[in-house]
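Chemist: With the input below, show me the fold.
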Amino acid sequence: KEAPGAMAVASASAGTGQSIEHCCGLLQKGKSDEERFVGLLLASKLVAEPAELRRVCGAALPFVHRLVHSPPPPDTVGNGNLYRGLALSVLASFVTDAELLSRSDLLSCAVAAGASALGAGADASAEEARDAATVLDAALRQPAGLAEAVRTRVVSTVLASASALPAESTSPLADQDQAQAPPACSLLIVASELICASAGTPLGDAIFSLAHPHAVRSEFLATTSQLALALGASRDAATAARLGALLAALRAAEVCNGRADELLPLAATDPLSEALRLGLGSLLSSKIQPAIRADVLCAASAALALLGPLWVVGPSPLRRPSGPPPRAATGESVELTADARRIAGLPTGHGALLSLLIQLSTVEWCMCLHDQPADAVSPHVAVVLPACCGVLEEALFRLHADAGEEGDEEEGQHSGGAPPTCWLDVLTDDELLSAQRAFQSMAKAGLEYLEAVRAEAAAASRAGPAVAGADCGSAEPSHPLLLPVSRLLVAWLVQPSAFASMQLYDRANAVL
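Modeler: Prediction:
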């Protein structure tokens with residue numbers, strides 16, 4: 001209510017040459033909030049140097065902190081919070097100064113203000129949301145700001161804004177590049193990446209001294225669950241941003257899991273498992289861009305590493321093709337095979353997502369190696385190929401598992417208590433044959449790459465000692481994909497099904 005009058009006073013005072021010191025005096029010693037408003041508004045017109053901005057910050061911060069936590073004026077309800085909006089506008093100016101960003105009181109106020117606005121969702125004005133994103137982004141990039149965000153569980157506060165769906169989602173997924181990512185998604189990615197980067201550093205130690213790794217991990221997993229549900233509920237221009245935030249949250253949770261020195265087994269019926277199958281399966285069941293498909297594979301690989309193998313097994317939006325019951329040539333019904341009866345007893349789709357992940361991982365693997373070896377590895381290949389390796393290596397060992405083999409007990413302990421044959425049990429004969437063909441395609445593409453590397457090294461050796469010493473003496477730096485490709489081929493080579501194609505088997509033995 002006082003703001004309009006304060007603006008009038010400020011307009012009159014600005015023309016009289018009021019000094020920064022006078023503004024700071026009003027902010028620190030003003031007899032009423034109206035005078036403090038005058039000080040803020042005058043400062044916005046008079047500040048011209050960084051030193052003046054720092055002087056105003058020192059004087060204004062207690063008042064700004066009060067504005068952040070003040071309820072909106074009664075006559076402005078529904079149009080944002082006038083006081084919080086003013087505080088965010090002022091803080092957005094303060095965080096532009098590198099020296100001010102070292103102040104812990106400013107960072108604490110910035111984190112509280114930004115989280116308050118984004119957590120308000122639709123009740124915050126567009127200007128509040130914009131300034132909140134600016135303020136939080138700057139604060140999270142500072143060690144003290146990131147630690148404050150962890151301590152006050154800001155990820156959970158921002159989560160509602162990141163996973164919120166529009167009232168009517170009409171934008172097609174193909175138009176996503178024309179829309180900006182939701183600020184909350186970008187902030188979740190920033191927070192997740194900084195948590196990952198702090199692992200094993202003094203900053204990481206300081207952060208996890210404020211909040212136990214289990215609590216931080218739970219916060220990121222709650223974020224993952226809500227984002228996955230949002231992905232399964234709607235296709236809109238924010239889909240790619242939500243998927244990126246989900247992937248970043250999974251990676252941050254894995255870092256926290258490592259800090260906690262504890263595996264996190266997840267049952268197929270766990271709500272997080274169901275949410276991931278819904279979100280990732282919904283994307284894979286629709287027409288999506290290659291970049292989104294790559295992020296889905298990376299998210300699936302990260303989830304397998306963190307949550308174990310069971311989350312991918314269960315009902316999903318994907319459905320197996322169904323046909324009429326089998327009949328003989330005479331038209332009589334044919335009794336179902338034992339495998340058909342077993343699968344018929346399962347709800348439709350228990351192995352569909354797993355089967356599709358194996359097929360897509362193989363396709364992406366072959367595409368990554370198509371133009372390799374090359375002078376450089378693209379950032380896309382550097383990110384996607386390890387994810388494909390993770391999915392395919394897990395599938396190789398689980399689909400060749402024997403329930404009676406030695407070491408099952410130890411294996412179960414390292415996979416969240418999952419039975420060794422948990423993947424084998426949910427795939428039909430057709431899906432298993434499809435996986436076998438996928439493994440052979442993977443081996444063929446990997447062998448072509450390794451043979452090309454070997455031929456390149458031989459050519460360099462024939463070119464002369466100098467060239468050979470530079471290019472052939474140390475293959476790893478010149479060919480960064482050599483080790484991951486070789487590892488996956490070795491994993492395939494030791495499986496019984498590798499003998500199904502003796503030509504590939506012999507080539508693999510020769511080149512490895």
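Chemist: Chain neighbours aside, what residue packs nearest to Val95?
Modeler: Distance criterion Cβ to Cβ, 6 or more residues apart in numbering; nearest residue to Val95, sequence neighbours excluded, is Ala138 at 3.9 Å. To be clear about C-beta, it is placed using only N, CA and C from the backbone, and glycine gets the same treatment.
Chemist: buried sites along the helix or strand hosting that neighbour?
Modeler: Counting by DSSP states H and E, the element that carries Ala138 is helix 126-140. If you call a residue buried by 16 or more other Cβ atoms under 10 Å, then helix 126-140 has these buried ones: 128-140.
Chemist: what do you get for stretch 278-290?
Modeler: 278-284, 288.
Chemist: which among the residues you listed gets closest to Ala92?
Modeler: Closest approach between the buried residues of stretch 278-290 and Ala92, by Cβ to Cβ: Gly279, at 33.3 Å.
Chemist: before we move on, which element is the closest one in?
Modeler: Using DSSP H and E, Gly279 falls within helix 271-284.
Chemist: Packing partners of that helix?
Modeler: Under the contact definition 3 or more Cβ pairs under 8 Å, 6 or more residues apart in numbering; DSSP states H and E, helix 271-284 sits against helix 213-233, helix 239-260, helix 290-307, helix 352-369.
Chemist: Please repeat the previous calculation with a cut-off of 7 Å.
Modeler: Contacts defined by 3 or more Cβ pairs under 7 Å, 6 or more residues apart in numbering; DSSP states H and E place helix 271-284 against helix 213-233, helix 290-307, helix 352-369.
Chemist: chain center to it: distance?
Modeler: Its chain's C-alpha centre and that of helix 271-284 lie 14 Å apart, by Cα atoms, centre = their mean, to the nearest Å.
Chemist: Check which residues of the helix of greatest length in the chain are buried.
Modeler: In the chain, taking DSSP state H as the definition, the longest helix is helix 429-463. By 16+ other Cβ under 10 Å, the buried positions in helix 429-463 come out as 431-432, 434-435, 438-440, 442-450, 453, 456-457, 460.
Chemist: Now do the end-to-end distance for stretch 207-214.
Modeler: Stretch 207-214 has an end-to-end distance of 13 Å (Cα to Cα, to the nearest Å).
Chemist: That one - what's its average pLDDT?
Modeler: Mean pLDDT, stretch 207-214: 80.
Chemist: One more: stretch 304-311?
Modeler: Mean predicted lDDT for stretch 304-311 stands at 89.
Chemist: Which positions within stretch 245-262 qualify as buried?
Modeler: Neighbour counts over stretch 245-262 (16+ other Cβ under 10 Å) mark 245-257, 259-260 as buried.
Chemist: outside of it, which residues touch it?
Modeler: Residues outside stretch 245-262 that contact it (Cβ atoms under 7 Å, 6 or more residues apart in numbering) are 162, 185, 188-189, 192-193, 195-196, 199, 208, 213-214, 216-217, 220-221, 223-224, 227-228, 264, 295, 298-299, 302-303, 305-306.
Chemist: now the helix holding Gly279 and helix 290-307, what's the angle there?
Modeler: 160 degrees (axes from the mean of the first three to the mean of the last three Cα atoms, to 10 degrees).
Chemist: then helix 271-284 to CSV, C-alphas only?
Modeler: In CSV, the C-alpha atoms belonging to helix 271-284 read as follows (Å, rounded to 0.1, in the frame of the first residue of the first chain):
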residue,chain,number,x,y,z
PRO,A,271,6.6,-46.0,-7.3
LEU,A,272,9.9,-44.6,-8.7
SER,A,273,10.2,-47.7,-10.9
GLU,A,274,6.7,-47.3,-12.2
ALA,A,275,7.2,-43.6,-12.9
LEU,A,276,10.4,-44.2,-14.8
ARG,A,277,8.8,-46.9,-17.0
LEU,A,278,5.9,-44.6,-17.6
GLY,A,279,8.0,-41.5,-18.5
LEU,A,280,10.7,-43.2,-20.6
GLY,A,281,8.3,-45.7,-22.1
SER,A,282,5.9,-42.9,-23.2
LEU,A,283,8.7,-41.1,-25.0
LEU,A,284,10.0,-44.3,-26.7
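Chemist: In the stretch 101-250 of the chain, where is pLDDT below threshold?
Modeler: 119-123, 159-182 (pLDDT under 70).
Chemist: what about 50?
Modeler: Applying pLDDT under 50 to the stretch 101-250 of the chain flags residues 165-180.
Chemist: quick one on the thing from earlier: buried among the contacts of stretch 245-262? Make that a ChimeraX selection.
Modeler: Per 16+ other Cβ under 10 Å, the buried members of these correspond to this ChimeraX selection:
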select :162,185,188,189,192,195,196,199,208,213,216,217,220,221,223,224,227,228,264,295,298,299,302,303,306
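Chemist: Ala184 and Leu276: what is the separation?
Modeler: 20 Å (Cβ to Cβ, to the nearest Å).
Chemist: Next: Val494.
Modeler: Applying Cβ to Cβ, the value for Val494 to Leu276 is 30 Å.
Chemist: So if I had to pick from those two, which one is more boxed in?
Modeler: Neighbours per residue (other Cβ atoms under 10 Å) separate Val494 from Leu276, with Leu276 holding more: 30 against 11.
Chemist: and the residue lying closest to Glu219 once chain neighbours are set aside, how many neighbours?
Modeler: Counting by Cβ to Cβ, 6+ apart, Glu219 lies nearest to Val155, which is 4.9 Å off, once chain neighbours are set aside. Neighbours of Val155 under the rule other Cβ under 10 Å: 24.
Chemist: Val155 reaches Ala191, doesn't it?
Modeler: Yes. The pair Val155 and Ala191 passes the contact test of Cβ atoms under 7 Å, sitting 6.1 Å apart.
Chemist: rewinding a little: mind putting the helices and strands packed on helix 271-284 into JSON lines with distance to Ala508?
Modeler: Listed next are the helices and strands packed on helix 271-284 as JSON lines, based on distance: least, Cβ to Cβ, whole Å:
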{"stretch": "helix 213-233", "distance to Ala508": "37"}
{"stretch": "helix 290-307", "distance to Ala508": "23"}
{"stretch": "helix 352-369", "distance to Ala508": "15"}
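Chemist: mind checking which of those is nearest Ala510?
Modeler: When the helices and strands packed on helix 271-284 are compared by Cβ to Cβ, helix 352-369 sits nearest Ala510, at 18.5 Å.
Chemist: Distance from the chain centre to that closest one, please.
Modeler: Going by Cα atoms, centre = their mean, where helix 352-369 is centred and where its chain is centred differ by 20 Å.
Chemist: Now tell me what touches that helix from outside.
Modeler: If you take Cβ under 7 Å, 6+ apart as the criterion, helix 352-369 is touched by 277, 281, 284, 293-294, 297, 300, 312-313, 316, 318-320, 381, 384-385, 388, 391-392, 395, 423, 426-427, 431, 434-435, 438, 441-442, 445-446, 449.
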